[in-house]
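**Student:** My questions are about this predicted structure, shown below with the sequence.
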Amino acid sequence: MDNLKTKLEDIPKINKRYVPILKKLNLETVGDFLLHFPFRYEDYSERILIENLEAGSTATVMGEVVQSKLIRTWKRKMMITECFVSDETGTVRAVWFNQPYISDSLVAGKGVRLSGKISEDTNGLFFSNPAWELSSRTPTNTGRLVPIYPETEGLTSKWIRWQMQNLIKHAEELVDPLPENILKGLHLPKLSEAVKFLHFPETLRQFELAQKRFAFQQMFLIQLATQRVKISWEKQNAVSIAFNETLTKYFVSSLPFALTNAQRKAAFQILKDMEKPLPMNRLLNGDVGSGKTVVAAMASLSTINAGFQASLMAPTEVLARQHFESISKLFAKQNFKIALLTNSYQLLSHSVERETQNANSSNFEKVSRKELLEQLVSGKINLVIGTHALIQEAVKFKNLALIIIDEQHRFGVSQRAFLQQKIESINDGLPGKIPHLLTMTATPIPRTLTLVFFGNLDLSVLDEMPKNRKPIITKIVSTRERNETYDFVRSEIASGHQVFVILPLVEESEKLTELKAATQEHRRLSEEIFPDLSLGLLHGRIKSDEKEKVMQDFKDKKYDILVATSVVEVGIDVPNATVIIIEDAERFGLSQLHQFRGRVGRSELQSYCFLFTGSKTTKAKSRLGAMEKTSDGFKIAEEDLLLRGPGEFLGTRQSGLPDIAMEHISNVKLIEIAHDYAEQTLADSPDLSAFPLLQRELGKFQQNIHLE
Ligand code: ADP
Ligand code: MG
C-alpha cells in the first residue's frame, strides 16, 4: 500500500524517466511531492459563452467539437491541429502547433473545455495553443484555478497536475506541526486541508486560507527560532563595563565634528547596555554615511578603558583595512595598540608612538601573524580589526569583552544566526562570560523586518544624516543620453574630481563573462571615450593585494576614473569622488543601488549618481524612479522590500516553504500574532518537548536556513 514515504520511483503511474528530474528538485517521496507547491495560478474558473469572447482576454469555454483536422505545412515543416468547438451561442476555432496527437482525442461529438488566451486574425477570434480537457474529466487543467508549478526542463505543470491528482489523497496522512489550539484560534485550515487547497483550490477563498496558514507557519517558526536564541543569549553572562562619562565627553569634544542627535542617542544606549553584566545584543541600523564608525569607536573606547579588549569585523579585507586606518586616526590621542589581522595583513598601530596624526601606511608596523596572535593572547593589543574570519579561526584573546560586526547588506539571516552561535563559543579568555555584541548594518532595514527577523536584537537607529551633507543628484540616463553624461564626467574631472563606473554582476556563474565585460568596458572607455584620462580597473579575478593597490592608487588620485564590477567591494572612502555611473542599473535591487550611491557624497562637494539603463519597460523605470525621488535609505529599503520580498532583500532564501506564503510576510498583523503565539508556546514548554511535531519542524526549518 502506498503512503507518504513511498518512493516516487515505485509509483506505477510515474514513468521512470521522470525520476532523475524529480530528484533534481529534491522530490523523492510522495510526501515531498505533495509539498511541491505551485508558485502561481491561472484563473480559468469562469466559463464564458462563445458569443461573449473578446480578443486579448483569457477565457474558458465549454462545448462540443464540431470538426477537427490536422494540417501539414510542408514549407515550414509544421503540423497544425485545427478544431471548431460550439456551445449554444456560437462556434470558435482553436489551433495547436506540432501536437498532432490532439486531433486523435478531439473528434467530432466530444464534449471539451478550452482555457487560454483569445487571439484574432482575418478569420476571426481563435484560441492559440489553449489548455484543453474532455468535459468528462475532472477539471484539472481548465475550467478552474489552475496551479502553475515552478518548471524544470522536462517537467511540465500539466504533468505535475496530473500526478498530483492521483497522489493528493495521501495529504490526509500529513501530520500537522501546528498545535490544534492555534489553528482553531486563528481559523486556519489544518495541514492536509491546506495542501489540498494549494494544489486544487475550488475557490479563491480556499487558496487564500491556505496561503495564510503557510505564511503564519513560516512566521511562527521564525519567531520561535529567534526567541529561543534570545532566551539562550539572556542566560549568559558578560563583563560589566562602567560608563566613564568624562572620558566619553573628552573623546566627543576632540572630534572634528559634532555628533548628530541620533549618534548621541545610539552611543548612549550602547554604553548603557554594556554596563549590565548581561551580554548586549544590539543592532545599529543606519544608512550609508550616517556615521556608524564613530559610534563603534565610542563603544571600543569604553571597553578598552575598562581594561578589556575589543574587536571589529568587516565583511572584506579592504573594508577592514579602511576601518583600521580611520579608527587609528580617531584614537590618535589614546594610548591604544590597534591591530589589523586578515589573510593579507598583519599590521599594528600604536597611537602615541606616532609623530603625526595623519594615518598612512608608513605609520603602521608590519608583524608576523604569529607575533600578532601572541600579542592578542597576552593582552598587548587593545583593539583588533579584521574580517569575519577573526572569530571563525582559532584566535585566542586575553579578555575580549566587545565584538562589533560591520556587515554588508548581503549578510543574511542565516549567517547571523551562525555568527551568534560562534560568539557563544569564542576563545575570549573570560571564563563563564561571552562578549557584548554590536552589529552594524550597511543597509537600513525596515522596521517590520527587524521585528520579524531580528526580534532577538535590541535596536538603535541612525535616522539622521550629519548636517554638512548635500543630497546626491541622481538621474536615470537612457542609452542616447550617454554622451552628455560623459561630457559632464569630463568637466567634473577637469575640476579635479574623480569618478566611479560600476558594472553589474548578478550571478556567480557570470564570473567569466564579468571579467570579459569589465575588461572590454575599461578598454572602450580608455580608448574611445576618455583617451586622455587615466582609468583603473577592478574585478573579482584580481588578487587581493593588487586590488588593494588599485584602490589605494585611486585614493591617491593616480586614476581619474575607477571601473569596477559589483562583486568588488567598493566600500572605500574616496571623498574626492563626486560622480558614480551605474551601468545596467535595472539589474540591481534598489538597496544595492543606494549602497553604491553612498560611495559618493562623502564630503562637502556636490555629488552625482547616473543610472544607465537600456530598459524601456515602465516597471523598470518607475522602480529606478524611486532613486531619483529620495535619498532616504529607509524609504528606499521599504520600497525594495515591497518589490523583491524579504527573501531576496535579506539575501536569504528561506527554503521549504512556498513563495506565495512569503508574499504575506510583510503583513505586520500576522507577524505580531505569530510573535505572541511563539511567546506563549515557549512559556508553556521552553524546550518544546510538549510539542514534538513542532520541535521537529523547527529543527528542519533551522537546518534549512543554515544550509544555504
Ligand atoms: P557609515 O555609517 O556609512 O559607516 P561612517 O562612519 O563611515 O559612515 O561616516 C561617514 C563620514 O562621516 C566619515 O568621514 C565620518 O568621519 C563622518 N562623520 C561621522 N559623523 C559625523 C557627524 N556627526 N558630522 C559630520 N561628519 C560625520
Ligand atoms: Mg561604515
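**Tutor:** Yep, it's here. Ligands and ions are numbered 1, 2, ... in the order given.

**Student:** Show residues contacting the longest strand that the chain contains.
**Tutor:** Using DSSP state E, we find that the single longest strand of the chain is strand 58-73. Under the criterion C-beta atoms under 8 Å, 6 or more residues apart in numbering, residues 42-50, 53, 78-87, 91-92, 100, 103, 106-118, 135, 142-143 lie in contact with strand 58-73. For every residue, glycine as well, the C-beta is placed using N, CA and C.

**Student:** Just the ones in strands from those, please.
**Tutor:** The strands, defined by DSSP E, take in 42-43, 78-87, 91-92, 111-118 from these.

**Student:** Only whichever of the residues you listed are buried, select them in PyMOL.
**Tutor:** Entered in PyMOL, the line below selects the buried ones among these, by 16 or more other C-beta atoms under 10 Å:
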select buried, resi 42+79+80+81+83+84+85+87+92+112+113+114+115+116+118
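
**Student:** measure residue 125 to residue 118 for me?
**Tutor:** As judged by C-beta to C-beta, to the nearest Å, residue 125 and residue 118 stand 6 Å apart.

**Student:** Now do the shared contacts for the two.
**Tutor:** Common neighbours of residue 125 and residue 118 are listed as 53, 55 (criterion: C-beta under 8 Å, 6+ apart).

**Student:** what's the straight distance from one end of stretch 386-400 to the other?
**Tutor:** Chord length of stretch 386-400, first to last residue, is 14 Å (C-alpha to C-alpha, to the nearest Å).

**Student:** Name the residues that touch that stretch?
**Tutor:** Stretch 386-400 is contacted from outside by 239, 307-317, 320, 340-343, 373, 376-379, 384, 403, 405, 419, 422-423, 426-430, 435, using C-beta under 8 Å, 6+ apart.

**Student:** which of those are buried?
**Tutor:** 239, 308-317, 320, 340-342, 373, 376, 379, 384, 403, 405, 419, 423, 426, 428-430, 435.

**Student:** taking those residues one by one, which sit in strands?
**Tutor:** Using DSSP E, the buried ones among the contacts of stretch 386-400 in strands are 309, 310, 311, 312, 313, 314, 340, 341, 384, 403, 405.

**Student:** My read is that the last one contacts residue 441, right?
**Tutor:** No. In this structure residue 405 lies outside contact range of residue 441 using C-beta atoms under 8 Å: 9.6 Å.

**Student:** and the residue of the stretch 51-200 of the chain found nearest ligand 1, how many neighbours?
**Tutor:** Of all residues in the stretch 51-200 of the chain, residue 150 sits closest to ligand 1, at 37.9 Å by C-beta to the nearest ligand atom. If you count neighbours by other C-beta atoms under 10 Å, residue 150 ends up with 15.

**Student:** Spit out the contact partners of it.
**Tutor:** residue 39.

**Student:** what does residue 133 give?
**Tutor:** Here residue 133 is in contact with 112, 113, 139, 140, 141, 142, 143 (C-beta under 8 Å, 6+ apart).

**Student:** can you check residue 536 too?
**Tutor:** In this structure, residue 536 makes contact with 550, 553, 554, 558, 559, 561, 562, 563, judged by C-beta under 8 Å, 6+ apart.

**Student:** And it, how close does it get to residue 564?
**Tutor:** 8 Å.

**Student:** and what of residue 48?
**Tutor:** Taking C-beta to C-beta as the measure, residue 48 falls 55 Å from residue 564.

**Student:** Please apply the same query to residue 389.
**Tutor:** Going from residue 389 to residue 564 by C-beta to C-beta gives 23 Å.

**Student:** okay, these two: which has more neighbours?
**Tutor:** Counted by other C-beta under 10 Å, residue 389 and residue 564 do not tie: residue 564 has more neighbours, with 27 against 14.

**Student:** The closest residue to residue 244 other than its chain neighbours: neighbouring residues, count only.
**Tutor:** Closest residue to residue 244 apart from its sequence neighbours, by C-beta to C-beta, 6 or more residues apart in numbering: residue 305 at 5.8 Å. Applying other C-beta under 10 Å, we find 17 other residues in the vicinity of residue 305.

**Student:** Equivalent analysis for residue 52, please.
**Tutor:** Residues within reach of residue 52, counting by other C-beta under 10 Å, total 11.

**Student:** Now for it: which residues touch it?
**Tutor:** Residues in contact with residue 52 (C-beta under 8 Å, 6+ apart) are residue 89.

**Student:** doesn't residue 206 fall inside a strand?
**Tutor:** No. If the criterion is DSSP: H, G, I helix; E, B strand; the rest coil, then residue 206 is helix and not within a strand.

**Student:** From residue 148, how far out is it?
**Tutor:** Taking C-beta to C-beta, one finds residue 206 at 17 Å from residue 148.

**Student:** Mind telling me what element the nearest residue to residue 538 once chain neighbours are set aside is part of?
**Tutor:** Leaving aside its sequence neighbours, residue 538 sits nearest to residue 564 (C-beta to C-beta, 6+ apart; 4.1 Å). In the assignment (DSSP states H and E), residue 564 maps to strand 561-565.

**Student:** in this protein, which ranges drop under the pLDDT threshold?
**Tutor:** Applying pLDDT under 70 to the chain flags residues 351-362, 392-393, 408-418, 451-453, 505-514, 567-571, 645-668, 704-708.

**Student:** What parts of it come near ligand 1?
**Tutor:** For the chain, the contact set with ligand 1 under C-beta under 6 Å from any ligand atom comprises 257-260, 263, 286, 288-294, 466, 468, 602.

**Student:** what about 5 Å?
**Tutor:** 257, 259, 260, 288, 289, 290, 291, 292, 293, 466 (C-beta under 5 Å from any ligand atom).

**Student:** Of those residues, which is the most crowded?
**Tutor:** Most neighbours among the residues of the chain next to ligand 1, by other C-beta under 10 Å: residue 290, with 25 neighbours.

**Student:** how close does that residue sit to residue 608?
**Tutor:** From residue 290 across to residue 608, the span is 20 Å (C-beta to C-beta).

**Student:** what do you get for residue 469?
**Tutor:** Applying C-beta to C-beta to residue 469 and residue 608 gives a distance of 14 Å.

**Student:** So those two - more neighbours on which side?
**Tutor:** residue 608 (21 against 15).

**Student:** For the more buried one, give its distance to residue 426.
**Tutor:** Taking C-beta to C-beta, one finds residue 608 at 44 Å from residue 426.

**Student:** do residue 172 as well
**Tutor:** Distance, residue 172 to residue 426, by C-beta to C-beta: 49 Å.

**Student:** what do you get for residue 249?
**Tutor:** 32 Å.

**Student:** ok, now residue 248?
**Tutor:** Applying C-beta to C-beta to residue 248 and residue 426 gives a distance of 26 Å.
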